[in-house]
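Peer 1: A predicted structure for the sequence below; I have some questions about it.
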Amino acid sequence: MCFSVRLWLHARRAPVEIEAFQPSGILTLPTIAATNIQSSRFTLEAAYAVHFLRGAFDDYAWLPDEMVPARIAVVIDENVAVAHPGLFDRIRRWAARHAPALQLIDIRTIAGGEAAKAGWPVIEDLGGWIRDHKLCRHSYLIAIGGGAVLDAVGFVAATAHRGLRLVRMPTTVLSMNDSGVGVKNGINGFGTKNFWGAFKVPDLVVCDYDFLPTLDQRTWVSGLAEAFKVGIIKDRDFLDWLCDHVCELRNREAEAEAHMIERTAQLHMAHICAGGDPFEQGTSRPLDFGHWSAHRLECLTDFSLLHGEAVAIGVALDLRYAARVRLIEKADCDRVVGALRAVGLPTTHTLLQTDFQAVWQGLDEFREHLGGELSIALPNPLGSVTNLNALDRSLVEQLAAEQP
């Protein structure tokens with residue numbers, strides 16, 4: 001299956017004000033207008049396909065004609081390389097079959113998980129590798145790995161030479177249904193999740209289901225959090241399906257797995273295209289539902305808490321808040337929180353009870369990330385979203401102290 005994403009991006013340069021001046025001395029310049037305004041407008045169309053398949057490096061020709069000939073370099077998540085020891089050879093054989101249209105420059109690995117986003121050393125290392133191999137703006141980076149590796153490689157692709165071409169190949173449930181199909185990239189800094197980052201529209205996304213069987217149960221299940229998140233705010237029918245199929249999902253049944261991943265990805269891509277703000281210039285962030293506390297919990301636990309687990313906790317907290325302020329029915333809230341637990345996701349953390357103040361600081365970081373004005377997405381009702389500009393601290397603290 002292949003989805004196609006198409007974005008129309010409009011940009012307008014702000015007016016430039018030039019102040020008149022009068023130098024002293026003999027030289028006298030003619031008087032000029034106090035303000036000289038020049039404006040420009042351009043429209044950029046961005047499109048990329050998202051493939052869902054098996055055996056990406058077999059005989060599947062997923063590179064479209066407009067992407068070849070090409071020089072390609074491949075960056076692989078170390079965890080993926082260990083779990084799939086024949087991957088290097090498969091990539092080399094795949095490139096050889098498509099030669100000379102494809103020229104494979106090099107294959108390398110980087111640390112997986114949040115270590116990939118742990119600041120500038122990884123970015124500088126990748127940048128030096130790009131320089132050494134003389135990759136240019138027409139070269140392709142193929143990033144193979146989980147969401148953190150895709151974030152780091154995407155950030156490099158966005159900034160090296162002001163932009164290399166990028167193919168994402170997500171290898172986890174979470175990266176296939178969420179981060180891998182979007183346009184955001186970033187690394188952590190100053191104890192803050194994604195402090196450094198850039199938007200980069202990928203040229204292609206390839207989701208190969210053959211990578212998923214090697215995931216441990218904890219990592220696989222953590223990816224379900226983003227499916228529940230997007231169902232809660234975007235699609236009540238899909239949310240009901242998730243709640244009705246917790247057993248099939250927990251058991252990783254192939255048909256349920258594929259439907260969950262593809263519908264979640266489709267909803268994320270639809271928001272990017274139709275939400276009117278693909279590069280997040282406004283303050284509304286519906287896809288960040290549950291994330292203000294999730295990102296903070298990740299940092300406070302030194303990322304021992306997986307991103308999907310943190311999102312599940314944040315979603316449960318904000319869902320219960322929505323029920324308490326009567327945006328959704330309590331019975332609906334209890335059903336969804338129960339489904340999160342039933343698939344194996346956490347819905348609370350000891351830090352919510354023992355260090356609530358530290359978690360609450362995540363709201364200030366989230367406000368800064370949004371641009372200074374707080375906008376918290378909450379369901380109203382399930383399957384749709386509203387935005388609040390403030391949260392009742394005492395109520396959040398009360399909910400945090402409870403065991404959902």
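Peer 2: Cool, the structure landed. From a predicted model like this one, the values you see are computed outputs, not experimental measurements.

Peer 1: contacts, neighbours, all on C-alpha from now
Peer 2: Fine.

Peer 1: what are the ranges of the strands in the stretch 101-250 of the chain?
Peer 2: Ranges of strands in the stretch 101-250 of the chain, per DSSP state E, counting those that start in this stretch, are 102-110, 140-145, 165-170, 184-189, 192-199, 204-208.

Peer 1: In the fourth one, which residues are buried?
Peer 2: What it means is strand 184-189. Buried residues in strand 184-189, counted by 16 or more other CA atoms under 10 Å: 184, 185, 186, 187, 188.

Peer 1: Could you figure out how far that strand is turned away from strand 192-199?
Peer 2: Using axes from the mean of the first three to the mean of the last three CA atoms, to 10 degrees, the inter-axis angle of strand 184-189 relative to strand 192-199 is 140 degrees.

Peer 1: Give me the contacts around strand 184-189.
Peer 2: Residues from elsewhere that reach strand 184-189 (CA atoms under 8 Å, 6 or more residues apart in numbering): 116-119, 150-152, 154-155, 193-201.

Peer 1: Regarding this protein, what is its longest helix?
Peer 2: In the chain, taking DSSP state H as the definition, the longest helix is helix 254-274.

Peer 1: Need phi/psi at residue 64.
Peer 2: The main-chain torsion angles of residue 64 are listed as degrees, to the nearest 10 and equal phi -70, psi 160.

Peer 1: From residue 307, how far out is it?
Peer 2: Counting by CA to CA, to the nearest Å, the gap from residue 64 to residue 307 is 33 Å.

Peer 1: Those two: which is more packed in?
Peer 2: Neighbour tally, residue 64 and residue 307, criterion other CA atoms under 10 Å: the higher count belongs to residue 307, 25 against 9.

Peer 1: List the contacts of that one.
Peer 2: For residue 307, the set of contacting residues under the criterion of CA under 8 Å, 6+ apart consists of 222, 294, 295, 298.

Peer 1: returning to that earlier point: buried ones among the contacts of strand 184-189?
Peer 2: A residue is treated as buried here by neighbour count (16+ other CA under 10 Å); on that basis the buried members of the contacts of strand 184-189 are 116-119, 150-152, 154-155, 193-194, 196-201.

Peer 1: Assign residue 377 to helix, strand or coil.
Peer 2: Secondary structure state of residue 377, per DSSP: H, G, I helix; E, B strand; the rest coil, is strand.

Peer 1: and the closest residue in space to it that isn't next to it in sequence, how many neighbours?
Peer 2: Closest residue in space to residue 377, ignoring its immediate chain neighbours: residue 387 at 4.5 Å, by CA to CA, 6 or more residues apart in numbering. Under the neighbour criterion other CA under 10 Å, residue 387 is assigned a count of 17.

Peer 1: Now residue 387: which helix or strand?
Peer 2: Taking DSSP states H and E as the definition, one finds residue 387 inside strand 385-388.

Peer 1: Just the buried residues of the next helix or strand after that strand, please?
Peer 2: Moving toward the C-terminus from strand 385-388, the next helix or strand (DSSP H and E) is helix 393-401. Counting neighbours by 16+ other CA under 10 Å, one finds that the buried residues in helix 393-401 are 396, 397, 399, 400, 401.

Peer 1: Output those residues as a markdown table; include the columns pLDDT and distance to residue 382.
Peer 2: Conversion of these to a markdown table gives the following (pLDDT from 0 to 100; distance: CA to CA, whole Å):
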| residue | pLDDT | distance to residue 382 |
| --- | --- | --- |
| 396 | 96 | 20 |
| 397 | 96 | 23 |
| 399 | 96 | 19 |
| 400 | 95 | 21 |
| 401 | 93 | 24 |
